[in-house]
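Chemist: Output the structure for:
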Amino acid sequence: MFRLPDFDYHNKTVFLRVDLNSPVRNGKIISDARFKAILPTLLYLLEHDAKVVIATHQSKPYNEDYITTEQHAEILSSLISREVEYVEDIFGRYAREKIKSLKPGDAVILENLRFAAEEIKQKPIEECERTHFVRKLAPLLDYVVNDAFAAAHRSQPSLVGFARIKPMIMGFLMEKEVRALIKAYESTEKPKVYVLGGAKVGDSLRVAENVLKQEKADLILTGGLVGHIFTLAKGYNLGVANIEFLERKGLLKFVDLAEKLLDEFYPYIRTPVDFAIDYRGERLEVDLLSDEKWLFDKYPILDIGSRTVEKYSQILNQAKIIVANGPMGVFEIEEFALGTIGVFKAIGESEAFSIVGGGHSIASIYKYNIQGITHISTGGGAMLAFFAGEKLPVLKAFRISYEKFKDKVKRESVVH
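Modeler: Below you'll find the predicted structure:
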């Protein structure tokens, strides 16, 4: 695959696809983590006199955080101490004229890509390259740099549509992410431990199934709603209140698959031994085998308990490779962040090569200043898809583009 140093960007127009999709509260972006992650790529292009057209999506139609990229432009401008102009257009005449008028070292950011209907659906690369989006912008571009790892599991025009039309190059973040994931997945060091938490139950079950069948995991530790489903699958009763919650979330359908995985890999999948409930506004820990488990009927489970944290920490301390995705509980509420903090601290304190991913995981790591994790991934969904053994469309597009344009490389320096 093409790397950034493979080309000369002087006076070249570069379409830089990034993923700056960020959490928003009361109309304001509240995290600049993804902005900081793409700075090495952006600054490299600007320092090499490229004319940079930045493109990102933000949320989905009708969501509260479905906002313009005006704030994204302001945040980027402040981080690099030079103007990144907000362009209130995507591929219309106004956007195209702005792109044509760029000078070396200039940067603009296009409007939220998902304001364009073609960016909402996922389609094969052949259909993506026939879109108005790609056909209107392609003639203005010399190169396409993709640094949007968090969207690498999607097949949309801005992500894969230019691959056979222009050289598509890995940004520094993309390269770093892919190298880390491959290292964790392919490593033969043992023990290799996966920590699966959060609310993406279906994705996490696919990861569990793949890594256990491919013998890429020695143990799986579960928490969050993933842990709830495996606990139910083991035959434990989590009480009326919690089962009703899982039903409302549409998650009970995953119990059968969890049971199947437990039948095949029982000793290798660990579930919480105690949980923390919200008992009249306070944290109360209840052992799964205690007489107090009737409290699960009335009170919501919001975290794993201290005994579970202790057991998981002992396992993580011995691990050589750790892959973790998703928090152990509702970490946004301080008294129910203890499980997430305890497990992530144990990961950071272990000597293992560790990867932690997922938006909520990243947020908790930064919020509680957890140190020592080897690689914090910017992409939860993309990371889960990778470890589930799925082919990521963006990585496929890089390979296609490399095969088509490899004669343009100025030197042999390619990631295989």
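
Chemist: quick one, helices of the stretch 301-416 of the chain?
Modeler: Secondary structure of the stretch 301-416 of the chain (DSSP state H, counting those that start in this stretch): helices at 306-318, 338-349, 359-367, 380-387, 393-405.

Chemist: what is the orientation angle of the last one with helix 380-387?
Modeler: Relative orientation of helix 393-405 with respect to helix 380-387: 70 degrees, computed using axes from the mean of the first three to the mean of the last three C-alpha atoms, to 10 degrees.

Chemist: pLDDT (mean, whole number) over helix 393-405?
Modeler: Helix 393-405 comes out with an average pLDDT of 97.

Chemist: Could I get the buried residue list for that helix?
Modeler: 393-395, 397-398, 401-402, 405 (16 or more other C-beta atoms under 10 Å). Backbone N, C-alpha and C define where each C-beta goes, glycine included.

Chemist: Would you pull up how far it lies from the middle of the chain?
Modeler: Here the centre of helix 393-405 is set off from its chain's centre by 21 Å, with C-alpha atoms, centre = their mean, to the nearest Å.

Chemist: elements contacting it?
Modeler: Applying 3 or more C-beta pairs under 8 Å, 6 or more residues apart in numbering; DSSP states H and E, we find helix 393-405 packed against strand 2-3, helix 125-128, strand 143-146, helix 157-160, strand 168-170.

Chemist: Touching it from outside, list them.
Modeler: 1-2, 122, 125, 144, 146, 148-149, 151-155, 159-160, 162-164, 166-168, 170, 174, 178, 414 (C-beta atoms under 8 Å, 6 or more residues apart in numbering).

Chemist: on that earlier part again, quick one: which of the helices of the stretch 301-416 of the chain is nearest Leu42?
Modeler: Each of the helices of the stretch 301-416 of the chain has some distance to Leu42 by C-beta to C-beta; the shortest is helix 393-405, at 18.3 Å.

Chemist: Next, report how far the worst-scoring helix or strand of the chain on mean pLDDT is displaced from the centre of its chain.
Modeler: Sorted by mean pLDDT, DSSP states H and E, the helices and strands of the chain end with helix 359-367, the least confident at a mean of 81. Centroid separation for helix 359-367 versus its chain: 12 Å, with C-alpha atoms, centre = their mean.

Chemist: tell me which residues in that helix are buried?
Modeler: Using 16+ other C-beta under 10 Å as the test for burial, helix 359-367 gives 359-365.

Chemist: Turn those residues into JSON lines, columns for distance to Tyr236.
Modeler: Formatted as JSON lines, the buried residues of helix 359-367 follow (distance: C-beta to C-beta, whole Å):
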{"residue": "Gly359", "distance to Tyr236": "29"}
{"residue": "His360", "distance to Tyr236": "25"}
{"residue": "Ser361", "distance to Tyr236": "25"}
{"residue": "Ile362", "distance to Tyr236": "31"}
{"residue": "Ala363", "distance to Tyr236": "29"}
{"residue": "Ser364", "distance to Tyr236": "26"}
{"residue": "Ile365", "distance to Tyr236": "30"}
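
Chemist: Good, we can wrap up now.
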